[in-house]
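[1] below is the sequence, then the predicted model.
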Amino acid sequence: MDIQEGIPLHKQISDWLRNQVNDGSLKKNEKLPSENELSDFFNVSRVTVRRALQTLENEQLIYRCQGVGSFVSDNRTHQSFTELKDFEEELSGAGLQASSKVISFKQEKVTPEICSYLGVKENAIVVKLERVRLGNGQPIAYDITWLPVFYGQLIDGYDLQETTLFKILENEFEIPVDNGCYRLEAAVADASLASQLEIEKHTPVLLINRISYTFGNKPVYFQKRYYRNDRMIFEIRTERRNSDVKKQNLTAVSKLHSSVNI
């Protein structure tokens, strides 16, 4: 790439990388060169490279995995499990407008499965909410949410097409959604689910079972959410705990601190 005068370097780099993606030189999900490699290639600082990559990430042209690198986007929204988010927060980072289509909102007798998740008595009445979740008006997920009657009555009457349960509970009633537990499964769309998500019957989908809690680990709701896997992908970053290498590194750091103190 020939550097041009009068044009910010970060823009020239982002334009060059964008062209590489658009002409197919960089394929979907292909890893980009590292920041160091790009810095050497363009003979610029890593700060300049980082700014160029941020531009492409904001455009959803690439996505970045912390500690791994940057990859060409495959047009799916990429989300992380490092933070508990509601649906609107999930999509806002991808530049998509979240909304919902309410399918049903009713009370029903709790099943044994839901009873165990919500910590309510057998045969208790719970509120069941079914929604199609949309991104820029297109179906991304379908979820079924069960709430204890107390929380269900609080959200009754609110516009569930344009707002989320988190927002209602936290902003209107000062009930914080403090933490959650996720379980991921592979599933296949039946005729009803396929119709709601506008996909073919028997299409594989990603099912996330989620319990969300307020303070004191009190369950606020249990939810089954089915994601179209062609429009959403989740990333999990983990660390190896108590590995020998980690112990050695900690020992080395400890010795270094001791020598400095001396």
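    Nice, thanks for sending it over.

[2] I'd assumed residue 143 was in contact with residue 223.
    Yes: if you go by C-beta atoms under 8 Å, residue 223 and residue 143 touch, sitting 5.6 Å apart. C-beta coordinates here come from the backbone N, C-alpha and C atoms, glycine included.

[3] residue 12 contacts residue 5, correct?
    No: under the criterion of C-beta under 8 Å, residue 12 is not in contact with residue 5, lying 10.4 Å apart.

[4] the two: who's more crowded?
    With neighbours defined as other C-beta atoms under 10 Å, residue 12 and residue 5 compare such that residue 12 has more, 18 against 4.

[5] and that one, backbone torsions?
    Residue 12 adopts backbone torsions of phi -60, psi -40, taken as degrees, to the nearest 10.

[6] tell me the pLDDT of it.
    Listed pLDDT for residue 12 reads 90.

[7] where's it relative to residue 56, distance?
    Using C-beta to C-beta, to the nearest Å, we find residue 12 at a distance of 13 Å from residue 56.

[8] got it, and residue 140?
    Residue 140 is 22 Å from residue 56, by C-beta to C-beta.

[9] can you give me the end-to-end distance of stretch 33-46?
    For stretch 33-46, the first and last residues are 12 Å from each other (C-alpha to C-alpha, to the nearest Å).

[10] tell me the mean pLDDT over that stretch?
    If you average the pLDDT values across stretch 33-46, you get 90.

[11] now do stretch 226-236
    81.

[12] buried stuff in that stretch?
    Using 16 or more other C-beta atoms under 10 Å as the burial criterion, the residues of stretch 226-236 that qualify are 226-229, 231-234.

[13] can I get it in CSV? Just the C-alpha atoms.
    C-alpha atoms of stretch 226-236 as CSV (Å, rounded to 0.1, in the frame of the first residue of the first chain):
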residue,chain,number,x,y,z
TYR,A,226,-33.8,-20.0,20.6
TYR,A,227,-31.3,-18.2,18.4
ARG,A,228,-31.0,-18.3,14.6
ASN,A,229,-27.4,-19.5,14.2
ASP,A,230,-27.0,-17.7,10.9
ARG,A,231,-27.5,-14.4,12.7
MET,A,232,-26.0,-14.8,16.1
ILE,A,233,-22.8,-16.3,17.5
PHE,A,234,-21.5,-16.3,21.0
GLU,A,235,-17.9,-16.3,22.2
ILE,A,236,-16.5,-17.5,25.5
